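Colleague: only the shape, not the letters, is given here:
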C-alpha cells in the first residue's frame with residue numbers, strides 16, 4: 001500500500017510572500033509587452049497546439065484506481081507543447097520544454113474558488129524529472145537574477161550565498177543541457193507532487209517513441225517536426241504516477257530530490273493523426289493559445305502539493321487574468 005502520511009509544511013508568511021512573487025512576475029510580464037498584448041509569464045512560445053485524447057486504462061493496479069482514474073474512460077483533450085522561457089526564442093536555444101494538457105468533461109469539485117463546478121482538469125509537465133530550485137524562494141532568486149544575464153551568477157550568489165548559488169546554477173545547466181529528442185520521443189514530468197486521492201504522487205507523460213538526440217536546426221524545428229509526424233501517424237504517451245513513500249526519499253517540499261518510487265501506468269495520452277497546418281488544425285492551435293493552463297485547474301483530489309506548487313497558484317492567477325485568458329470551456333470544443 002502506498003503511504004498516506006505525507007504532509008505539507010506551510011510557513012506563516014507564505015500567502016503574503018507568494019502574492020508578492022506573483023505581483024513581481026506580473027510586472028515582468030507587463031514590462032515585456034511594451035504596451036502591446038501580454039504573453040504568458042513563462043512558456044510564452046508554443047511549439048504546437050493539437051487535439052488529444054486522454055484515456056483511463058482498465059488494468060491499472062488497484063491502489064492507483066483513484067478519483068477520475070478509477071473508471072476506464074476516454075476524454076477529449078488538447079495539448080500545448082512549449083519552450084519554457086519568458087521570451088519567444090528560437091528552438092535552437094537551450095530551454096526548458098513543456099507539455100500542458102487540458103482534459104474536458106471531468107466531473108468532481110475543483111480547487112480554485114469560483115471555478116468549483118468547471119469540468120476541465122489540467123496537467124502541466126516539463127522534460128526534467130526534478131527542478132533545480134528547492135522552493136519558490138530559490139525560483140524567484142533565479143528569475144530576478146535573470147533580468148541581467150551577465151550578472152546572473154553574482155546576483156544568485158548574493159541571494160543564496162556562494163555555495164547555494166553555484167549549486168543552483170549547476171543543477172539548472174544540467175537540465176538545460178540534457179540531450180534534446182523530438183517532442184514525440186520526449187517524456188514530460190510533473191517534477192512536483194500532487195494529491196492522488198489519499199496519496200501523493202508525481203506524474204509523467206512517458207513517450208512511447210524511443211528517445212534519440214536530434215540537432216535542432218531551425219527556430220521552429222520542434223513544432224514543425226511534430227506536425228510532420230502527426231500528419232502520418234498518432235503519437236502516444238503513457239501517463240504514469242509514482243507514489244510518495246517517506247519524507248526523505250520522496251519529499252513533498254524539496255523539489256530538487258528525484259523520487260525513487262516506481263512508475264505505474266494509469267492512463268495514456270494520444271495525439272491522433274491530424275494536420276496542424278490545415279484550417280481545422282489552425283483553429284485548434286488558436287484555441288490552445290487562448291486557453292489558460294494551470295496546475296490548480298484540478299479536482300480537489302488531484303490538488304497540487306508543495307511550496308513551489310502553492311506559489312504557482314498565485315502566479316498563474318495573476319498571469320491569466322492579466323492576459324485575459326478565455327474562460328474554462330464547459331464542454332469540449334467543436335472545430336468542424
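Modeller: Alright, I've got the coordinates. Predicted, not measured: the structure shown is a model, and the values here were computed from it.
Colleague: any weak-confidence spans in the stretch 1-150 of the chain?
Modeller: Under the criterion of pLDDT under 70, the regions of the stretch 1-150 of the chain flagged as low confidence span 33-38, 41.
Colleague: do that again at 50, thanks
Modeller: In the predicted model of the stretch 1-150 of the chain, no residue satisfies pLDDT under 50.
Colleague: buried set for stretch 190-202?
Modeller: 190, 191, 192, 193, 194, 195, 196, 197, 199, 200, 201, 202 (16 or more other C-beta atoms under 10 Å). Backbone N, C-alpha and C define where each C-beta goes, glycine included.
Colleague: pick the one among those closest to residue 265.
Modeller: residue 201 (12.5 Å; C-beta to C-beta).
Colleague: just the helices from the stretch 201-336 of the chain, written as ranges.
Modeller: 221-232, 279-290, 307-322 (DSSP state H, counting those that start in this stretch).
Colleague: out of those, flag the one nearest residue 118.
Modeller: Among these, the nearest to residue 118 by C-beta to C-beta is helix 307-322 (13.3 Å).
Colleague: I'd like the average pLDDT over that closest one.
Modeller: Averaging the model's pLDDT scores along helix 307-322 yields 85.
Colleague: which elements pack onto that helix?
Modeller: In terms of contacts (3 or more C-beta pairs under 8 Å, 6 or more residues apart in numbering; DSSP states H and E), helix 307-322 is packed against helix 14-33, helix 136-145.
Colleague: which helix of this structure spans the most residues?
Modeller: With DSSP state H applied, the helix covering the greatest number of residues in the chain is identified as helix 152-176.
Colleague: which SSE is immediately downstream of it?
Modeller: Sequence order places strand 188-189 as the next helix or strand after helix 152-176, per DSSP states H and E.
Colleague: ok, residue 10 to residue 80 distance?
Modeller: Shown here: residue 10 relative to residue 80, a distance of 30 Å by C-beta to C-beta, to the nearest Å.
Colleague: neighbours of residue 26, how many?
Modeller: Close neighbours of residue 26, defined as other C-beta atoms under 10 Å, add up to 20.
Colleague: quick check, it in contact with residue 316.
Modeller: No - between residue 26 and residue 316 no contact is recorded; they are 10.8 Å apart, counting by C-beta atoms under 8 Å.
Colleague: please identify the most buried of the helices and strands packed on helix 307-322.
Modeller: Sort those by mean neighbour count, taking mean count of other C-beta atoms under 10 Å, and helix 136-145 sits at the top with a mean of 20.
Colleague: what helices or strands is that helix leaning on?
Modeller: Secondary structure elements in contact with helix 136-145, counted by 3+ C-beta pairs under 8 Å, 6+ apart, are helix 14-33, helix 152-176, helix 307-322.
Colleague: hmm, back to that, between residue 10 and residue 80, who's got more neighbours?
Modeller: The residue with more neighbours, out of residue 10 and residue 80, is residue 80; 23 against 11, by other C-beta under 10 Å.
Colleague: tell me the SS of the more buried one?
Modeller: Here residue 80 is recorded as strand under DSSP: H, G, I helix; E, B strand; the rest coil.
Colleague: ok, it - contacts?
Modeller: Counting by C-beta atoms under 8 Å, 6 or more residues apart in numbering, residue 80 makes contact with 46, 48, 49, 98, 99, 100, 101, 288, 289, 291, 293.
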